[in-house]
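Asker: sequence first, predicted coordinates after that:
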Amino acid sequence: YALVAFGGAGPVHAPRLARAVEIPKLIVPHGAGVGSAVGLLGADSKIDMTMTRIIRLAGGQSAEIAGIFETLETRARRDVARLGAAEEPRWTRGASMRYAGQGFEIRVELPGCEIDRTYEDRAAEAFHEAYERSYGYKDPDGVIEGIDWFLVATVPNGAQAPELGAAAGPAAGGAGGAGGCVVGERKAYFPEGGGMIPCRIVDRYLMSAADRIAGPAVIEERESTTVVLPGDVAALSAAGHLVIEINKGHPA
């Protein structure tokens with residue numbers, strides 16, 4: 001397995017964690033310190049609406065279920081309008097359901113078809129299938145109750161998340177090769193090295209596929225810092241991500 005480190009400080013501590021659990025490879029994605037922001041830029045928006053109403057699926061409840069989802073959709077569309085979305089959202093229905101008498105529920109995805117008089121039976125079948133997947137059996141004769149009813153509107157973002165890997169490595173004009181990415185040296189504390197020892201400082205944006213950085217080293221970038229421990233070796237992948245081999249000990 002490989003360990004993936006993200007965040008501003010995660011790559012500082014990840015090499016020691018990898019050693020502690022004997023994971024041989026560490027990956028630090030390009031832009032690791034802003035991964036959440038990139039995800040926010042690229043992710044679709046979701047609006048969740050819910051209503052609590054206990055309904056026993058004992059026949060004749062399709063109209064009440066339809067009324068619940070009509071109310072939830074009316075509420076959701078007000079928020080969709082505030083987002084200014086150009087596209088029609090994708091609608092997903094669900095409910096927390098249980099067999100009558102149980103003290104817990106499972107969340108069940110409900111059919112997205114028209115809610116007609118057969119919908120109650122379709123909802124019951126969806127519950128039976130979900131229950132069997134979770135617990136290995138179902139009770140076809142059991143009475144089912146719906147407790148909480150959910151409607152999710154997924155609004156396509158339209159904007160595309162940046163291709164972080166494409167901005168890394170030699171494509172960004174890195175000097176690469178022959179140690180051109182090493183921009184200095186300073187002492188840093190490495191218990192593995194016996195205390196304060198000389199440590200190479202590496203500019204990640206100057207790295208190329210030809211560079212192999214043996215620890216101790218600190219690889220700096222705008223959003224994050226990666227520590228390469230003594231005995232570890234860091235290199236840049238074709239996609240611009242740092243790949244650190246743990247305890248390889250090869251020379252730079």
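Answerer: Cool, got the structure.

Asker: so which elements touch the helix or strand hosting Arg186?
Answerer: Using DSSP states H and E, Arg186 sits within strand 182-190. With contacts defined as 3 or more CB pairs under 8 Å, 6 or more residues apart in numbering; DSSP states H and E, strand 182-190 has these neighbours: strand 195-203. For the C-beta atoms, the positions are set from N, CA and C on the backbone; glycine is no exception.

Asker: just checking, what packs against the lowest-mean-pLDDT helix or strand in the chain?
Answerer: Lowest mean confidence among the helices and strands of the chain (mean pLDDT, DSSP states H and E): helix 35-42, at a mean of 84. Secondary-structure packing of helix 35-42 (3+ CB pairs under 8 Å, 6+ apart): no helix or strand packs against it.

Asker: right, and Pro15 touches Asn247 too?
Answerer: No: using CB atoms under 8 Å, Pro15 makes no contact with Asn247, being 9.6 Å away.

Asker: mind listing the shared neighbours of the two?
Answerer: Residues touching both Pro15 and Asn247 (CB atoms under 8 Å, 6 or more residues apart in numbering) are Asp232.

Asker: just want to know which of the two has more residues nearby.
Answerer: Pro15 (26 against 15; other CB atoms under 10 Å).

Asker: distance from whatever helix or strand that one lives in to the middle of the chain?
Answerer: Using DSSP H and E, Pro15 maps to helix 10-20. Centroid displacement of helix 10-20 relative to its chain, using CA atoms, centre = their mean, to the nearest Å, is 20 Å.

Asker: elements contacting it?
Answerer: Contacts defined by 3+ CB pairs under 8 Å, 6+ apart place helix 10-20 against strand 2-4, strand 25-28, strand 225-228, strand 242-245.

Asker: what about the second one, average pLDDT?
Answerer: Here strand 25-28 scores 96 as its mean pLDDT.

Asker: how about Asp79, phi and psi?
Answerer: phi -70, psi -40 (degrees, to the nearest 10).

Asker: just give me the neighbour total for it.
Answerer: 16.

Asker: thinking it is in contact with Ile47, fair?
Answerer: Yes: counting by CB under 8 Å, Asp79 touches Ile47, with 4.8 Å between them.

Asker: identify the contacts common to these two.
Answerer: Ala153.

Asker: report the secondary structure state of Tyr137.
Answerer: Recorded secondary structure, Tyr137: coil (DSSP: H, G, I helix; E, B strand; the rest coil).

Asker: how about it, what does it touch?
Answerer: Tyr131.

Asker: for Val21, same thing?
Answerer: By CB under 8 Å, 6+ apart, the residues touching Val21 are Leu3.

Asker: and the one 4 residues further on, by the same measure?
Answerer: With contacts defined as CB under 8 Å, 6+ apart, the neighbours of Lys25 are 1-3, 18, 243-246.

Asker: if you set the cut-off to 6 Å instead, what comes out?
Answerer: With contact taken as CB atoms under 6 Å, 6 or more residues apart in numbering, Lys25 is in contact with Ala2.

Asker: ok, the one 4 residues further on next?
Answerer: Pro29 makes contact with His241 under the criterion CB under 6 Å, 6+ apart.

Asker: for Gly215, see how far away it is.
Answerer: 20 Å (CB to CB, to the nearest Å).

Asker: one more: Thr74?
Answerer: Using CB to CB, Thr74 is found at 60 Å from Gly215.

Asker: and those two? which has more neighbours close in?
Answerer: Using other CB under 10 Å as the criterion, Thr74 and Gly215 rank with Gly215 on top: 25 against 10.
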